[in-house]
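Student: Got a sequence here, can you build the structure:
(one chain, ligands or ions: 1)
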Amino acid sequence: MQNNFDVLIVGKGPAGISAALYALRSGLSVLIVAKDTGALARAHAIANYYGFEEPITGAELERRGEAQATALGAEIFTGEVLDLMFADQFHARVKGADGEREFLAKSVVVAAGSVRAKAPVSGLDAFEGKGVSYCAVCDGFFYRKKNVVVLGSGAYALSEAKELLPLAAQVSICTLGEEPKVEIPAEYAVEKEKIVAVEGDDHVQKIRFASGKEIPVDGIFVALGTASAADLARKTGAAVQSNKLVVDEKLMTTVPGLFAAGDCLGGILQVAVAVGEGAKAGLAVVEYLRQLRTKEGAAK
Ligand SMILES: Cc1cc2nc3c(=O)[nH]c(=O)nc-3n(C[C@H](O)[C@H](O)[C@H](O)COP(=O)(O)OP(=O)(O)OC[C@H]3O[C@@H](n4cnc5c(N)ncnc54)[C@H](O)[C@@H]3O)c2cc1C
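Tutor: Got it, this is the predicted structure:
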C-alpha cells in the first residue's frame with residue numbers, strides 16, 4: 001500500500017464512508033483508517049434510514065458501505081490513529097497489526113464517532129487546565145523537568161508517554177486497575193492501582209491510590225482507550241470547545257484541510273445525519289484540494 005494520499009479519513013462508519021464516496025467519485029485517492037466498526041455495528045436493527053422497507057442490521061449496513069467504497073478504489077487500513085500532525089501536509093501515525101506506520105495526506109476528514117472514555121477518577125474534572133491535560137504534544141512543554149502521569153493502558157497511552165519522555169523529569173503510566181494492553185518499556189514507571197483521588201489547590205499536586213499510597217505529580221495526561229476526534233484535532237492545533245471540534249459551514253476545522261463529520265461533531269447522533277455530514281465534508285475536501293492545486297499552480 002502506498003503511504004501518500006489526497007485524503008485520509010479516520011473512521012469507516014457512515015460519516016467516513018460517505019465522505020470517501022464523494023472524494024473517490026471526484027478522482028481523489030482515499031485512505032480510510034479505522035480501528036473497528038464503530039457505533040453502527042452495535043445497532044441491531046436500523047428502521048429509520050431512507051430506502052429500507054425492512055430493518056437492516058447496523059453490521060450489514062456497515063459491510064455494504066465498506067464494499068461500496070472499496071469498489072470505487074478506496075484503500076482501507078485497519079489500525080488505530082495515535083497521532084495526527086500538520087507539517088507541509090498531514091502526517092498520521094497509525095498502529096496496525098504489524099506495528100506502526102505513517103501515512104501522509106493533503107487533507108483529512110475526522111469521522112471518529114462519539115465514543116470517549118471517561119476517567120473513573122474523582123476530582124479529575126476540576127483540574128482540567130490546572131494540571132490535567134488531554135494532549136501531550138499541546139501541553140507537554142509546560143511540564144519540562146516535572147513529574148507527569150499518563151492515565152491509560154493501551155497504545156494511545158504509551159504514545160502520549162513517549163511524547164512526554166524527552167521533556168519531563170519522570171513519566172509514569174497509571175493503568176487504573178487494568179493490566180497494560182501493550183508492552184511498556186522500562187523507562188516508564190507503571191502504577192497499576194486504581195486512583196481514588198486527585199488533589200491540589202489551584203493546581204494538581206498529588207494522586208492517591210486505593211491502597212492509600214500517594215505520589216506527587218505536576219501534570220496528569222488522560223489517554224484512555226483510543227484517541228478521540230477531539231484528541232486528534234488538538235494535536236494539529238485545531239480549536240476544540242466543550243470537547244467538540246469547532247467547524248465552519250463546510251465542516252472544516254480551524255486548521256485548513258482538516259474536516260470533521262458525523263457523531264464526533266455532536267448534535268443528532270443518527271445514521272442519516274452522519275451520512276449527510278460525510279457527503280458535505282467529502283465535497284468540501286474536493287473543493288479545498290481544487291483550490292490548493294490552483295494556488296500551487298499559480299505560485300510556480
Ligand atoms: C446500539 C446503537 C443503536 C443505534 N441505532 C440507530 C438507529 O436505529 N438509527 C440511526 O439512525 N442511528 C442509530 N445509532 C447511531 C448510529 O450508529 C451513529 O449515529 C452512526 O454510526 C454515526 O456514524 P459515524 O460515522 O459518525 O461514527 P461511527 O459509526 O461510530 O464510526 C466511527 C469510526 O471511527 C473509528 N475510529 C474512532 N477512533 C479511531 C482512531 N483513533 N483510530 C482509528 N479509527 C478510529 C471507529 O473504528 C469507527 O470506524 C445507533 C447507535 C448505537 C450504539
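Student: hey, where'd the strands end up in the stretch 101-250 of the chain?
Tutor: Using DSSP state E, counting those that start in this stretch, the strands found in the stretch 101-250 of the chain span residues 132-133, 147-151, 170-174, 189-191, 195-200, 204-209, 214-216, 219-222, 240-241, 244-245.
Student: so which of those gets nearest the ligand?
Tutor: Of all the strands of the stretch 101-250 of the chain, the one in closest proximity to the ligand, counting by C-beta to the nearest ligand atom, is strand 244-245 (12.1 Å). No exception for glycine: its C-beta is placed from N, CA and C like everyone else's.
Student: Let's have the strands of the stretch 101-250 of the chain in a markdown table, adding distance to the ligand and mean neighbour count.
Tutor: Shown next, in a markdown table, are the strands of the stretch 101-250 of the chain (distance: least, C-beta to the nearest ligand atom, whole Å; neighbours: other C-beta atoms under 10 Å):
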| stretch | distance to the ligand | mean neighbour count |
| --- | --- | --- |
| strand 132-133 | 18 | 24 |
| strand 147-151 | 16 | 25 |
| strand 170-174 | 18 | 22 |
| strand 189-191 | 23 | 14 |
| strand 195-200 | 24 | 18 |
| strand 204-209 | 26 | 19 |
| strand 214-216 | 29 | 13 |
| strand 219-222 | 15 | 24 |
| strand 240-241 | 15 | 14 |
| strand 244-245 | 12 | 22 |
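Student: now those strands in TSV, with mean pLDDT?
Tutor: Formatted as TSV, these follow (pLDDT from 0 to 100):
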stretch	mean pLDDT
strand 132-133	92
strand 147-151	97
strand 170-174	97
strand 189-191	95
strand 195-200	94
strand 204-209	95
strand 214-216	94
strand 219-222	95
strand 240-241	92
strand 244-245	92
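Student: Compile these into a markdown table and extend it with columns for distance to Ala281.
Tutor: Converted to a markdown table, these look like this (distance: least, C-beta to C-beta, whole Å):
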| stretch | distance to Ala281 |
| --- | --- |
| strand 132-133 | 28 |
| strand 147-151 | 31 |
| strand 170-174 | 35 |
| strand 189-191 | 40 |
| strand 195-200 | 37 |
| strand 204-209 | 37 |
| strand 214-216 | 43 |
| strand 219-222 | 27 |
| strand 240-241 | 17 |
| strand 244-245 | 11 |
